[in-house]
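# coords below, sequence missing:
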């Protein structure tokens, strides 16, 4: 009986963790959508295009970030190459250079916040 209860507790904790991760991803997606509409002044169609492009490139960005065998300089070069590819797609979707720069600025600010949070958490 104890084994069954333990198994159920473990399953529930895994389910709760997965649900929290999904909610966090949805909240980030909604925050990006709001930022693109309100701050960058994109239409609904352009916002959807930007989010689709970001979603397409997210796995590649994650792979670069998680690659333990690459140096920080290599990772930065790979990320810049991906960013350039994304910029081409953004331009094809109709974004202006100023809008693309606003997106980059927001990404850089978010990255800086994440890095400070990660560095501050280890102290």
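Thanks, I have it. Just so you know, these numbers come straight off a predicted model, no measurement behind them.
# use CA for all of it now, contacts and neighbours both
Will do.
# residue 36 - how many residues pack around it?
Residue 36 is flanked by 23 other residues according to other Cα atoms under 10 Å.
# how about it, what does it touch?
42, 47, 103 (Cα atoms under 8 Å, 6 or more residues apart in numbering).
# would you mind measuring from it to residue 107?
Distance, residue 36 to residue 107, by Cα to Cα, to the nearest Å: 12 Å.
# go on, residue 41?
With Cα to Cα as the criterion, residue 41 and residue 107 are 16 Å apart.
# before we move on, what about residue 54?
Here residue 54 is placed at a distance of 11 Å from residue 107 (Cα to Cα).
# what ranges do the helices span in the protein?
Assigned by DSSP state H, the chain shows helices spanning 2-38, 44-66, 72-92, 97-121.
# what's the mean pLDDT across the longest one?
Per-region confidence: helix 2-38 scores 70 on mean pLDDT.
# for the third one, same thing?
Per-residue pLDDT values over helix 72-92 give a mean of 92.
# now the angle from it to helix 44-66?
If you take axes from the mean of the first three to the mean of the last three Cα atoms, to 10 degrees, helix 72-92 sits at 170 degrees to helix 44-66.
# next: the last one.
Angle between the axes of helix 97-121 and helix 44-66 is 40 degrees (criterion: the same axes, to 10 degrees).
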